[in-house]
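**Student:** make a model of this:
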Amino acid sequence: MMTGRGRPSFAAGGLARHIPVLLCEVLTALEPEDGGTFIDGTFGAGGYSRAILEAANCRLIAIDRDPDALAYAQDLTETFPGCFTPVLGRYSEMERLAGEQGADAVDGVVLDLGVSSMQLDQPERGFSFAKDGPLDMRMGADGPTAADIVNSLEEAQLADIIYVFGEERRSRAIAKAIVRRRAETPIARTGTLADIVAGVLGRSRDDTKHPATRTFQALRLYVNAELDELVEGLGAAERLLRPGGRLVVVTFHSLEDRIVKRFFASRSAPPQKGSRHLPDSAGKEFFPSFQLLNRRPVEPNLEEVRSNPRARSARLRAARRTEAPAHGSGFAGLGVPELRRKGDA
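**Tutor:** All right, here's what the predicted structure looks like:
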């Protein structure tokens, strides 16, 4: 039951344009209480963090791999002294990061997956096909950029990435067009890549979805290893949550949602023996480590979608930690795609 600091605000840290998706539903599932310790694993512009701190007199550790995101944390640090701790890092490392802050167990973890509105709205970050900018797409400040990927990988590798991570049926044709264009001059801008994809696919009848959407999604997921990060993060949350603690995850596309759905399904299933295909689990008996809070994903209502179109694909899944030991991390059975195609158009 939520206590204490009044109604949550719907704009974060002075960013009036940032509207946290499914905010009320997230708070209902998380149930922040006085004296609890919580983790916002994807701080972004701080919408969920602010709402949690306003809902209860609690401690919150906010994690983000994007140095720019933590620039918005100063306001919360001043508003909630002693309660709010921003940390630069990946949410897959939440056990170590929380431990460094003196928290060996927590009462709740919330993850808001994918690219943030803040990142999309900054052309220089290179996430958006709607605003021309350098083809970067890195959530952190390290590793190869999307430009490095499209200008260096072989055509077959590019096709695999676009097909597997973007679920794009015309991946081969798009990869071929990319390789043909880069032979003339390196592809360095988001606008250039978006035009290449549109030239292959044509303009969609659905004006709400740009033809480059799937290709940009694929490159972003690949550049940031987001699905690997998700699996490791779910396992970390399972180990870090104390009995009764809650894990709340908001996803924005089918690949993410499939992984979260299968994770919760495997962790809430009746007692079962470990698989002989997984040597570390063979012979062990696993008891449910989570109890589902919603068997079907919670989706935004029409009013929220009208006021915030980016919410239209959001799905919320949540579960409560039991007293059973954690099952451990691992990719098996969670639907993490591999770079392997069965053929495409």
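**Student:** where does this structure dip in pLDDT?
**Tutor:** Counting by pLDDT under 70, the ranges of the chain that qualify are 1-18, 116-124, 126-127, 204-208, 273-284, 329-333, 339-345.
**Student:** how's it carved up into domains?
**Tutor:** 23-112+227-321, 125-224 (automatic domain parsing).
**Student:** for the spatially closest residue to residue 26 that is not a sequence neighbour, helix, strand, or coil?
**Tutor:** Spatial nearest neighbour of residue 26, chain neighbours left out: residue 248 (5.6 Å); criterion: C-beta to C-beta, 6 or more residues apart in numbering. The C-beta positions use only the backbone N, C-alpha and C, and glycine is treated the same way. Taking DSSP: H, G, I helix; E, B strand; the rest coil as the rule, one finds residue 248 in the strand state.
**Student:** so who does residue 222 touch?
**Tutor:** 149, 161, 165 (C-beta atoms under 8 Å, 6 or more residues apart in numbering).
**Student:** hang on, the last one in a helix?
**Tutor:** Yes. Under three-state DSSP, residue 165 falls within a helix.
**Student:** state the distance from it to residue 254.
**Tutor:** Distance, residue 165 to residue 254, by C-beta to C-beta, to the nearest Å: 11 Å.
**Student:** can the contacts of residue 222 go into a markdown table with extra columns for distance to residue 313?
**Tutor:** Formatted as a markdown table, the contacts of residue 222 follow (distance: C-beta to C-beta, whole Å):
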| residue | distance to residue 313 |
| --- | --- |
| 149 | 24 |
| 161 | 21 |
| 165 | 16 |
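**Student:** sorry, back to before: between residue 165 and residue 254, which is the more surrounded one?
**Tutor:** More neighbours surround residue 165 than the other of residue 165 and residue 254, with 24 against 13 (other C-beta atoms under 10 Å).
**Student:** how about the nearest residue to that one, chain neighbours excluded?
**Tutor:** Counting by C-beta to C-beta, 6+ apart, the residue nearest residue 165 is residue 218, at 3.8 Å.
**Student:** how close does the one you found get to residue 168?
**Tutor:** Applying C-beta to C-beta to residue 218 and residue 168 gives a distance of 7 Å.
**Student:** who touches both of these two?
**Tutor:** The contact sets of residue 218 and residue 168 overlap at residue 162 (C-beta under 8 Å, 6+ apart).
**Student:** how about the residue nearest to residue 26, what does it touch?
**Tutor:** By C-beta under 8 Å, 6+ apart, the neighbours of residue 248 are 26, 29, 30, 108, 109, 110, 111, 316, 317, 318.
**Student:** my guess is residue 172 meets residue 159, correct?
**Tutor:** Yes. The pair residue 172 and residue 159 qualifies as a contact (C-beta atoms under 8 Å) at a distance of 4.8 Å.
**Student:** neighbour-wise, which of the two wins?
**Tutor:** residue 159 (24 against 21).
**Student:** that one: which element?
**Tutor:** Secondary structure assignment for residue 159, by DSSP states H and E: helix 155-166.
**Student:** give me the contact list for that helix.
**Tutor:** Taking C-beta under 8 Å, 6+ apart as the rule, helix 155-166 contacts 149-150, 153, 168-169, 171-172, 174-176, 178-179, 214-219, 221-222, 227, 255, 337-341, 344.
**Student:** what residues of that helix count as buried?
**Tutor:** 158, 159, 160, 161, 162, 163, 164, 165, 166 (16 or more other C-beta atoms under 10 Å).
**Student:** and the next helix or strand past it?
**Tutor:** Following helix 155-166 toward the C-terminus (DSSP H and E): helix 171-182.
**Student:** what's that next one packed up against?
**Tutor:** Counting contacts by 3 or more C-beta pairs under 8 Å, 6 or more residues apart in numbering; DSSP states H and E, helix 171-182 is packed against helix 146-152, helix 155-166, helix 190-201.
**Student:** now that helix and helix 155-166, what's the angle there?
**Tutor:** Between the axes of helix 171-182 and helix 155-166, defined by axes from the mean of the first three to the mean of the last three C-alpha atoms, to 10 degrees, the angle is 130 degrees.
**Student:** in helix 171-182, what's buried?
**Tutor:** Neighbour counts using 16+ other C-beta under 10 Å place 171, 172, 173, 174, 175, 177, 178, 179, 181, 182 of helix 171-182 among the buried residues.
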